[in-house]
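Undergrad: coordinates for the following, if possible.
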Amino acid sequence: MVKISDSFWFVAQLRPQGLERARAHLQRQGIEVFNPEMLAVAKRAGVQRQSRKPLFPGYIFVNFDPAVPGWSAINSTRGVARLILSDPRRPQPLPSALIAGLKQRCDKSDLLAPSIDLDIGDRIRVLAGPFADLVTTIDTLAGPERIGILIDLMGRKVKTSLPRDQVEKLY
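TA: Coordinates of the predicted model:
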C-alpha cells in the first residue's frame, strides 16, 4: 500500500455494522484507513469490562489523492455509505493537523492514549478493578503510566497504585 501525504485525509460514513467490512475492502483497494479507538468501561451484571470503541462511531478516515481518477469508487465500497463531500464532485479534505494530532496520540493499533492531565491532590474516580467507583485523591504520580492513591481500608489509610487509564478526573 502506497502511503499518501497526510494532507489528503477524508471522512467516509459507514453503513450500520460496516466498519470491519469497509476497512478490509478499502485496504484491498490500496487506500490507507485510520479509525482511532478508545478504551471504554462497561458494567454488566456487576462486572466491569474494558473494550475498544470507535472514537467516531459510524465514520472512518481514508487517505487518497482526489486528483487521481477513480476515488468515487469508495462510495460503492462494501461497508461504506458515502464519502463526506463539499460539493457533488469533490470530497471535503480534513485539516492535516487534525489527523496528525490524532495519530500522534494513538499507538500502533490505533488505540487513543488517555490524555488525562493529573496532579497530586486531584480528585478522581476509579473506573475499573477492585476499587471501581471509589472516589479519592491522588497521593503520588508513580511514573508516566501509574498514579498512587490513599484508600481508607478498615479505618487505616493504605497506599496503592493504579494505571492512569483506570481513573477519571473529577472537576
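Undergrad: switch to C-alpha atoms for all contacts and neighbour counts from now on
TA: OK.
Undergrad: return the set of residues that bridge with the most centrally placed residue in the chain.
TA: Central residue of the chain (CA atoms, centre = their mean): Glu37, 2.8 Å from the mean position. Counting by DSSP bridges, Glu37 forms beta bridges with Pro54, Leu111.
Undergrad: can you list the domains in this structure?
TA: As assigned by automatic domain parsing, the chain contains the domains 9-105, 123-169.
Undergrad: between those domains, which one is nearest to Ala113?
TA: Of all these, the one in closest proximity to Ala113, counting by CA to CA, is domain 9-105 (5.7 Å).
Undergrad: tell me the mean pLDDT for that closest one?
TA: The average pLDDT for domain 9-105 rounds to 88.
Undergrad: endpoint to endpoint, that domain covers what distance?
TA: Terminal residues of domain 9-105 are spaced 17 Å apart (CA to CA, to the nearest Å).
Undergrad: again with stretch 55-73
TA: Length of stretch 55-73, first residue to last, CA to CA: 25 Å.
Undergrad: please apply the same query to stretch 35-55.
TA: Its start and end residues considered, stretch 35-55 measures 8 Å (CA to CA).
Undergrad: got the buried residues for it?
TA: 35-39, 54 (16 or more other CA atoms under 10 Å).
Undergrad: same thing with stretch 147-156?
TA: Neighbour counts using 16+ other CA under 10 Å place 147-151 of stretch 147-156 among the buried residues.
Undergrad: okay if I get those as a markdown table plus pLDDT and distance to Leu19?
TA: Shown next, in a markdown table, are these (pLDDT from 0 to 100; distance: CA to CA, whole Å):
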| residue | pLDDT | distance to Leu19 |
| --- | --- | --- |
| Ile147 | 88 | 35 |
| Gly148 | 89 | 38 |
| Ile149 | 91 | 39 |
| Leu150 | 88 | 42 |
| Ile151 | 88 | 42 |
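Undergrad: and which of those residues is nearest Gln27?
TA: The closest of those to Gln27 turns out to be Ile147 (CA to CA; 39.3 Å).
Undergrad: just the buried residues of stretch 35-55 now: which is nearest Ile124?
TA: Once CA to CA is applied, the member of those that ends up nearest Ile124 is Leu39, at 17.4 Å.
Undergrad: helix or strand for Ile147, which one?
TA: strand 146-153 (DSSP states H and E).
Undergrad: direction included, what does that strand pair against?
TA: By DSSP bridges, strand 146-153 pairs with strand 135-141 (antiparallel), strand 156-163 (antiparallel).
Undergrad: would JSON lines of these with distance to Ser109 be doable?
TA: Shown next, in JSON lines, are those (distance: least, CA to CA, whole Å):
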{"stretch": "strand 135-141", "distance to Ser109": "27"}
{"stretch": "strand 156-163", "distance to Ser109": "19"}
